[in-house]
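J.: predicted structure and sequence below. I'll ask about it afterward.
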Amino acid sequence: MIKRSVAFLFSGRAKRPPPLALAARSGGEAARWRRLIAAVMSLSIVAAAHAGPAGTFPQAAQRGTLRVGVVHVPPVALPGAKVRTPDRLDLPAIQSLSQALGLAAQPVQIAPEDVGQALAEGRVDLALYSLPDSARAAPGLTYVPTAYHTHPQAVIRSDTSIRQTADLRGRAVCLPRTAVAAAAAATDAGAQIQAFDIPSDALVAVREGKCDLGLLDQTARQALMAYPEWRKFAATLDLPAYARTLTWVLPAARTQEVDWLRRQMAQWDASGRWEDLVRKWATDVAFDVYLDQEVPDCHS
């Protein structure tokens with residue numbers, strides 16, 4: 001769109017006044033015309049800076065979609081079914097990265113242990129996984145870690161007797177089914193896991209007293225606690241030993257894509273992109289809980 005605007009301004013169809021007529025006009029009008037041209041060209045430069053360089057993800061550019069491996073792809077909601085926010089930030093991150101390339105996003109469900117073969121076969125262009133700090137890239141692969149580094153943190157009623165990890169033994173813990181780190185932390189502590197397909201269902205169960213606590217990513221929980229309806233659940237428990245980092249996985253030989261992705265992540269960090277994604281996720285999940293709990297209560 002920006003390129004077409006620039007071409008239009010410098011084509012005959014733009015009906016640009018001839019030089020003598022332009023000179024005859026007031027200086028203010030000529031200055032406005034110059035400012036308009038400068039503004040459009042500036043937008044073109046900004047757009048070019050965000051787009052990938054020529055040759056970046058060539059297969060994706062050819063097909064028009066960026067295929068990204070993830071641990072789980074939520075099923076498409078059936079007609080009439082409720083649509084709720086999925087767990088994790090990998091899907092919104094993929095969408096944001098695809099937009100930077102001017103491509104559509106296509107998440108592909110692939111287990112982390114199978115991603116090397118999937119990349120080699122061209123089934124995906126890259127992958128995005130939440131990996132423990134001890135993870136090391138397999139031969140032929142490169143990791144590009146993001147700034148989204150977090151660990152499980154509990155959502156508990158303020159009047160709880162849970163004060164330390166040992167208190168989790170025998171307790172009912174509600175969490176999203178795909179929250180691998182949270183599940184590992186709860187299992188190791190001897191808790192009883194109740195897994196749900198979506199985070200809002202787990203949180204509704206916590207609010208209704210069906211679980212002793214819920215477990216979310218620490219960054220997501222902090223954003224959720226900004227809402228007044230969660231003040232009664234201000235108690236928490238940190239589980240930092242299960243920290244993970246959302247990490248891009250690419251073939252090591254694709255150095256151009258690796259370098260471009262690192263620059264993109266630096267831009268995301270500088271612009272607060274992860275904070276924006278977390279805030280939106282918390283807003284969406286809080287609204288999902290409202291729809292599932294508060295609205296039915298109003299009509300009961």
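T.: Thanks, I have it.
J.: D159: what's it in contact with?
T.: A235 (Cβ atoms under 8 Å, 6 or more residues apart in numbering). C-beta here means a position set from N, CA and C on the backbone, and glycine is covered the same way.
J.: quick check: which element contains it?
T.: Under DSSP states H and E, no helix or strand contains D159.
J.: any regions of the chain where pLDDT drops low?
T.: The chain contains residues with pLDDT under 70 at 1-54, 294-300.
J.: ok, longest strand in it?
T.: strand 141-150 (DSSP state E).
J.: helices of the stretch 1-150 of the chain, start to end?
T.: 2-9, 19-24, 27-50, 58-63, 90-101, 115-120 (DSSP state H, counting those that start in this stretch).
J.: show me what T245 is bridged to.
T.: Taking DSSP bridges as the rule, T245 bridges to L131, H149.
J.: so who does I162 touch?
T.: Contacts of I162 (Cβ under 8 Å, 6+ apart): 154, 156, 168, 171, 212-213, 235, 237.
J.: contacting residues around A166?
T.: A189.
J.: can you tell me which of the contacts of I162 has the most neighbours?
T.: The most neighbours of any of these, using other Cβ atoms under 10 Å, belong to A154, which has 28 neighbours.
J.: now that residue: closest residue in space that isn't a chain neighbour?
T.: Leaving aside its chain neighbours, A154 sits nearest to L237 (4.1 Å; criterion: Cβ to Cβ, 6 or more residues apart in numbering).
J.: pretty sure that neighbour sits against Q153.
T.: Yes - judged on Cβ atoms under 8 Å, L237 makes contact with Q153 at a distance of 7.1 Å.
J.: need the three-state assignment for R263.
T.: Following DSSP: H, G, I helix; E, B strand; the rest coil, the label given to R263 is helix.
J.: and for it, the neighbour number?
T.: Neighbours around R263, by other Cβ under 10 Å: 13.
J.: for the one 4 residues further on, same thing?
T.: A count of neighbours around Q267, defined by other Cβ under 10 Å, yields 13.
J.: element containing it?
T.: Using DSSP H and E, Q267 falls in helix 255-271.
J.: which residues are contacting the next helix-or-strand element following that helix?
T.: The C-terminal neighbour of helix 255-271 among helices and strands, as given by DSSP H and E, is helix 273-289. With contacts defined as Cβ under 8 Å, 6+ apart, helix 273-289 is touched by 84-85, 89, 92-93, 96, 146-148, 198-200, 203-204, 207, 219-220, 223-224, 226-227, 229-230, 267-268.
J.: drop anything exposed from those residues.
T.: 84-85, 89, 92-93, 96, 146, 148, 198-200, 203-204, 207, 219-220, 223-224, 230, 268 (16 or more other Cβ atoms under 10 Å).
J.: surely T187 is in a strand?
T.: No - counting by three-state DSSP, T187 is not found in a strand; it is helix.
J.: so what's it closest to, chain neighbours aside?
T.: Leaving aside its sequence neighbours, T187 sits nearest to I193 (Cβ to Cβ, 6+ apart; 6.7 Å).
J.: narrow the buried ones among the contacts of helix 273-289 to those in strands?
T.: Per DSSP E, the buried ones among the contacts of helix 273-289 map to strands at 146, 148.
J.: and A202, how close does it get to A266?
T.: Per Cβ to Cβ, to the nearest Å, A202 is found 34 Å from A266.
J.: neighbour count for those two, which is higher?
T.: A202 (28 against 11).
J.: how many neighbours does the nearest residue to T146 once chain neighbours are set aside have?
T.: In space, and not counting its chain neighbours, T146 is closest to L246: 4.7 Å by Cβ to Cβ, 6+ apart. The number of residues packed near L246 is 20, by other Cβ under 10 Å.
J.: and M265, by the same measure?
T.: For M265, using other Cβ under 10 Å, the count is 19.
J.: likewise for the one 5 residues further on?
T.: With neighbours defined by other Cβ under 10 Å, the count for A270 comes to 8.
J.: which ones are touching it?
T.: Contacts here follow Cβ under 8 Å, 6+ apart; on that basis A270 touches nothing.
J.: so how far is A191 from it?
T.: 39 Å.
J.: cool, V73 as well?
T.: From V73 to A191 the distance is 28 Å (Cβ to Cβ).
J.: more neighbours: which of these two?
T.: A191 (23 against 15).
J.: wait, A181 touches H149, no?
T.: No - A181 is beyond contact range of H149, at 11.7 Å (criterion: Cβ under 8 Å).
J.: and the two? which has more neighbours close in?
T.: Ranked by neighbour count (other Cβ under 10 Å), A181 and H149 place A181 first, with 21 against 17.
J.: and the more buried one, what element?
T.: helix 180-188.
J.: distance between that helix and the chain's centre?
T.: Taking Cα atoms, centre = their mean, to the nearest Å, one finds the center of helix 180-188 at 22 Å from the center of the full chain.
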